[in-house]
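1. my questions are about this predicted structure, shown below with the sequence.
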Amino acid sequence: MEQVVGAVFAERYELEELTGSGGMSHVYRARDRQLGRRVAIKILVSRYASDPQHVERFRNEAQAVARLTHPNIVTVIDRGEADGHQFIVFEYVEGENLKQLLARVGPLPVGRALDLTIEIGRALAFAHAQGVVHRDVKPQNVLLGAGTPKVTDFGLARIVGMDGNTTTGTVVGTGDYIAPEQARGEAANEQSDVYSLGVVLYELLTGEVPFTGDSVMEVVMRHVSEPAPDVLRRRPDVPSRVATALDLALEKDVARRWPSMDAFVSELVACRRELPAPDTAPTMILPAVSPEERTQSWTPAPIAPGHQPGRRRRSRLPLVLLLLLLLILGGAAAGAYFVVRDRGGTETIGGKPANAATVHLAAVGAYDPPPGDGGERDDLVREATDGNPATYWETEHYTTAQFGNLKRGVGLVVDAGKPVELDSLTVTSDTPGFTAVVQAGSSEAGPFHPVSDSQTVRERATFGLHVGSPERYYVFWITSLASNPAESSSKPYSVHVSEITGS
């Protein structure tokens, strides 16, 4: 017998809403009566309760995700059996999935598409490092909570070295996103996830999957036999380097594909850093180059062995030369007067700064979205931007570095006063060892999207930012706490933020 909304399951979880149904399970939003928080609970449907194969697959999902603690992967809270039903309890992520976002807004800006793919790729790379291959990467399995993607549904995951969860000759995966080797019934590996993530990126850029057909089997066979379509035919504004990276992810031959998820993500990060500001092309107002970028030479994307990018791309060199010539002639006629705008909006005339590069930031609030309670030491918020390193904003105290498994993180919102494109954000702290990422948005209340890589903060850390368009609000989003010996032994994990500055 299936569960009823309003009922209490396993004497603990009050079922509030059926949020999804699949072939073998139902997913409910529920309230955990013991901890007083919302959760997502996945329950194996009754007709499979006595089927050992389905029960084993269900247990395998819990076992796979339980070993994965990452800010971009849903967290398993509990698993077990009640009234003959297998169940798994996950953190509840408020919001829509990536497929729903695409249906609502269509193709995404290139920068946003890369940001999402990079975060998903990092989550999958982490899973691969723990010996877990997802095998069903698709937008439906990426939840967007406060703009941050979180990979879910490891029901088809393969745990490397574990017997019984992969059978050669059995096709697993979803037709629109399936890797050719999976479609042939071969064992999937991390490069299979690379291919599927490549399909996801293609869809984020174009609003369509690369292959369609009248049946699932037709689509699957096209993945096996047909070259992936050129993304530039459907989206000409995609940079050539991004298109080449995507080509390598969608290679039919595993030997020619990106060798690992880490390699694919690293190239996408390089592509993201090369994206120009939105107004660069039409106005010729050039973004300033950071000191780090000045000292680095560009290295072409690595090409997989035997790869022949024969249909690649029209050179833009003649256009660049023409524009440079026009700039030179125009500069001579106007007495070499020119304007360069940096990412923070600061202008220089004749190459000399008109304003200081530092952007004043004011801390305006803690960011503690569901399943958080909406506040986090709001009384101390302004201490983080008061110019006094002896004062600080701090998080609440927790039993574990992962916030006692109560939520995925907590943040501090700072206001730049007007929309700007910060190059970097620097944080000082006397509680070293925590991890964080910077996010940005147009509203103090969110939503926010990531604009930096995650890193571990010592006494001082500078986050290089890749902001695609000016944003007024930035969030210092803490994803893992530090152990603070000065705190009580029962809740020793917290973070102090002494100062935040931007430039």
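-> That came through fine.

2. in the chain, which segments are predicted with low confidence?
-> For the chain, applying pLDDT under 70 flags the ranges 1-2, 22-23, 155-173, 277-357, 484-489.

3. dihedrals phi and psi, the residue nearest to the spatial centre of it?
-> The residue lying closest to the centre of the chain (Cα atoms, centre = their mean) is Glu119, at 2.5 Å. Dihedral angles of Glu119 (phi, psi; degrees, to the nearest 10) stand at phi -70, psi -40.

4. quick one: residues contacting it.
-> Glu119 makes contacts with Asn72, Thr148, Pro149, Pro450, as judged by Cβ atoms under 8 Å, 6 or more residues apart in numbering. Quick note: C-beta positions are derived from backbone N, CA and C, even for glycine.

5. same thing but 10 Å
-> 71-72, 142, 148-151, 265, 437, 449-450, 453-454 (Cβ atoms under 10 Å, 6 or more residues apart in numbering).

6. how about Ser454?
-> Ser454 is in contact with 70-72, 119, 122, 435-438, 463, 477, 479-480, counting by Cβ under 10 Å, 6+ apart.

7. for the residue nearest to the centre of the chain, give its distance to Gly84.
-> Remark: distance between Glu119 and Gly84 (Cβ to Cβ, to the nearest Å) = 38 Å.

8. on that earlier part again, looking at the contacts of Ser454, which is nearest Gly131?
-> Gly131 lies nearest to His70 out of those, by Cβ to Cβ, at 14.0 Å.

9. right, and that closest one touches Ala127 too?
-> Yes - at 7.7 Å, His70 and Ala127 qualify as touching, with contact defined as Cβ atoms under 10 Å.

10. neighbour count winner among these two?
-> The neighbour count for His70 versus Ala127, taken as other Cβ atoms under 10 Å, is higher for Ala127 (26 against 21).

11. which SS class is the more buried one?
-> Judged by DSSP: H, G, I helix; E, B strand; the rest coil, the three-state class of Ala127 is helix.

12. could you check how far it is from Thr152?
-> Remark: distance between Ala127 and Thr152 (Cβ to Cβ) = 12 Å.

13. which residues do these two both contact?
-> Common neighbours of Ala127 and Thr152, counting by Cβ under 10 Å, 6+ apart, are Val65, Ile73, His134.

14. let's see if you can find the most crowded of those.
-> His134 (29 neighbours).

15. touching, that residue and Tyr195? I think so.
-> No - with contact defined as Cβ under 10 Å, His134 does not reach Tyr195; the gap is 11.6 Å.

16. got the residue ranges for the strands in the stretch 301-450 of the chain?
-> Assigned by DSSP state E, counting those that start in this stretch, the stretch 301-450 of the chain shows strands spanning 339-341, 347-349, 352-353, 362-367, 393-394, 410-420, 424-428, 434-441, 449-450.

17. which stretch among these comes nearest Asp247?
-> Once these are compared by Cβ to Cβ, strand 449-450 is nearest, at 25.2 Å.

18. can you give me how far that closest one is from the chain middle?
-> 8 Å (Cα atoms, centre = their mean, to the nearest Å).

19. hang on, the earlier thing: just the closest of the contacts of Glu119 to Phe9, please.
-> Distance ranking of the contacts of Glu119 against Phe9, using Cβ to Cβ, places Lys150 first at 23.2 Å.

20. what's the burial count for the closest one?
-> Neighbour number of Lys150 under other Cβ under 10 Å is 24.

21. Arg104 now?
-> For Arg104, the neighbour count with other Cβ under 10 Å is 8.

22. how about the helix or strand containing it, which residues are buried there?
-> Per DSSP states H and E, Arg104 falls inside helix 98-105. Within helix 98-105, the residues that count as buried by 16 or more other Cβ atoms under 10 Å are Leu98, Leu101, Leu102.

23. I'd say the first one and Leu144 touch.
-> Yes - using Cβ under 10 Å, Leu98 makes contact with Leu144 at a distance of 6.3 Å.

24. name the residues contacting each of those two.
-> The contact sets of Leu98 and Leu144 overlap at Leu116 (Cβ under 10 Å, 6+ apart).

25. quickly list what Gln455 is bridged to.
-> Per DSSP bridges, the residues bridged to Gln455 are Ala436.

26. that one contacts Val437, correct?
-> Yes - judged on Cβ under 10 Å, Gln455 makes contact with Val437 at a distance of 7.7 Å.

27. neighbour count winner among the two?
-> Comparing Gln455 with Val437 by other Cβ under 10 Å, the one with more neighbours is Val437, at 22 against 14.

28. that one and Gly464 touch, don't they?
-> No - counting by Cβ under 10 Å, Val437 stays clear of Gly464, with 11.6 Å between them.

29. mutual contacts of the two, please.
-> Common neighbours of Val437 and Gly464 (Cβ under 10 Å, 6+ apart) are Val451, Ser452, Asp453, Gln455.

30. would you format the residues you listed as JSON lines with secondary structure and distance to Glu190 included?
-> Shown next, in JSON lines, are these (DSSP: H, G, I helix; E, B strand; the rest coil; distance: Cβ to Cβ, whole Å):
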{"residue": "Val451", "secondary structure": "coil", "distance to Glu190": "27"}
{"residue": "Ser452", "secondary structure": "strand", "distance to Glu190": "25"}
{"residue": "Asp453", "secondary structure": "coil", "distance to Glu190": "21"}
{"residue": "Gln455", "secondary structure": "strand", "distance to Glu190": "24"}
